[in-house]
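A.B. asks: dropping the sequence and predicted coords here.
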Amino acid sequence: MTTSDKLFAGSIPEIYDRFLVPLIFETYARDLAARVARVGSTNVLETAAGTGVLTRAMASQLPAGARVTATDLNQPMLDRAISSLSADTRITWRQADALALPFPDERFDAVVCQFGAMFFPDKVAAYREARRVLEPGGTFFFSVWDKIADNEFAAVVTQALATVFPEDPPRFMTRTPHGYHDVEQIREELNAAEFARISMETVDGKSVAPSPREPAIAYCQGTPLRNEITERDASRLEEATDKAAQALADRFGLGPIEGRIRACVIHAVR
């Protein structure tokens, strides 16, 4: 992982929330929120909350008396989340590093993280922190993307950008969002953090977009992939986006399109 892989700033939070959230995150957020609700959690810590897609889903599914503390390393992402959920007094917002959580031991009955573990530079340290702040018997839910070949839009965009920058292809999607999918490695790291009763489930879904242009913007301009493009040549951002849109159109058609997505949901108990 590079430093720019973790940088969600400038216009990225707004584009991410507008284009990428409905494209790939909302369905999984509803699923993960339902899992948290089914175990009866009422005092939840969310790490890597981003622009709040899972926070919104939990707010709609958890009981009225539940509390959610939503955290993220990137304040600009939290600012975007707060703008849509500021009226919900059940939610507390806090900038925080998942590897050094600013909370006492045994503070929460659940910790949840949607598609954030891939960004943790030390996964075991992050898992130990999640375990530390959980009550005995508390639950840890998190999700990771499967390999990029099983996530079609991301794969097509990555291949398209390799034709724009053939000598130094941007590899953010392969390296980070889709670079942490080995379930045995994940299990070993959770065991190292002393979690018990670890279960994993593959969850398939679909990305649906009104045209190829929307997912091209989502990936090229609404993720740290944008940082990789502009580091190579900032003047070529629109060209790169256009090339990604054309590749998506060639693969899926010019009208509304859909592509396969796949993730793994992990449940571990303290």
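C.D. replies: Received the coordinates, thanks.
A.B. asks: residue boundaries of the strands in the stretch 101-250 of the chain?
C.D. replies: For the stretch 101-250 of the chain, applying DSSP state E, counting those that start in this stretch gives strands covering 108-114, 134-145, 196-209.
A.B. asks: got the angle for the last one vs strand 134-145?
C.D. replies: Interaxial angle of strand 196-209 relative to strand 134-145 (axes from the mean of the first three to the mean of the last three Cα atoms, to 10 degrees): 40 degrees.
A.B. asks: so how far is strand 196-209 off the chain centroid?
C.D. replies: Put simply, strand 196-209 sits 13 Å off its chain's centre (Cα atoms, centre = their mean, to the nearest Å).
A.B. asks: contact partners of it?
C.D. replies: 23-24, 27-28, 31, 143, 146, 152-153, 183, 186-187, 190-191, 215, 256-270 (Cβ atoms under 8 Å, 6 or more residues apart in numbering). (Each C-beta comes from the backbone N, C-alpha and C, glycine too.)
A.B. asks: ok, now the first one?
C.D. replies: Strand 108-114 is contacted by residues 25, 28-29, 32, 36, 39, 41-48, 50, 53-54, 58, 69, 98, 130, 133-135, 138-143 when judged by Cβ under 8 Å, 6+ apart.
A.B. asks: narrow these to those in helices?
C.D. replies: Judged by DSSP state H, those include Tyr28, Ala29, Leu32, Val36, Val53, Leu54, Met58, Ala130, Val133 as members of helices.
A.B. asks: which intervals of this protein have sub-threshold pLDDT?
C.D. replies: 1-9 (pLDDT under 70).
A.B. asks: point to the residue nearest the middle of it.
C.D. replies: By Cα atoms, centre = their mean, the chain has its centre lying nearest to Phe115, at 3.0 Å.
A.B. asks: for beta bridges, what are the partners of the closest residue to it other than its chain neighbours?
C.D. replies: Nearest residue to Phe115, sequence neighbours excluded (Cβ to Cβ, 6 or more residues apart in numbering): Ser143, at 5.7 Å. Counting by DSSP bridges, Ser143 is bridged to Gln114, Val265.
A.B. asks: settle this for me: Ser143 is touching Thr27, isn't it.
C.D. replies: No: in this structure Ser143 lies outside contact range of Thr27 using Cβ atoms under 8 Å: 11.2 Å.
A.B. asks: more neighbours: these two, which one.
C.D. replies: The neighbour comparison of Ser143 against Thr27 (other Cβ atoms under 10 Å) goes to Ser143, with 24 against 19.
A.B. asks: show me the contacts for the more buried one.
C.D. replies: Counting by Cβ under 8 Å, 6+ apart, Ser143 has contacts Tyr28, Leu32, Cys113, Gln114, Phe115, Val203, Ala263, Cys264, Val265, Ile266.
A.B. asks: what's the most distant pair in those residues?
C.D. replies: Taking Cβ to Cβ, the two most distant members of those are Cys113 and Val203; they sit 15.2 Å apart.
A.B. asks: those two: who's more crowded?
C.D. replies: Neighbours per residue (other Cβ under 10 Å) separate Cys113 from Val203, with Cys113 holding more: 26 against 15.
A.B. asks: ok, for the more buried one, nearest residue in space, not its chain neighbours?
C.D. replies: Phe142 (4.1 Å).
A.B. asks: quick one: the one you found and Gly116 touch, right?
C.D. replies: Yes: if you go by Cβ under 8 Å, Phe142 and Gly116 touch, sitting 7.2 Å apart.
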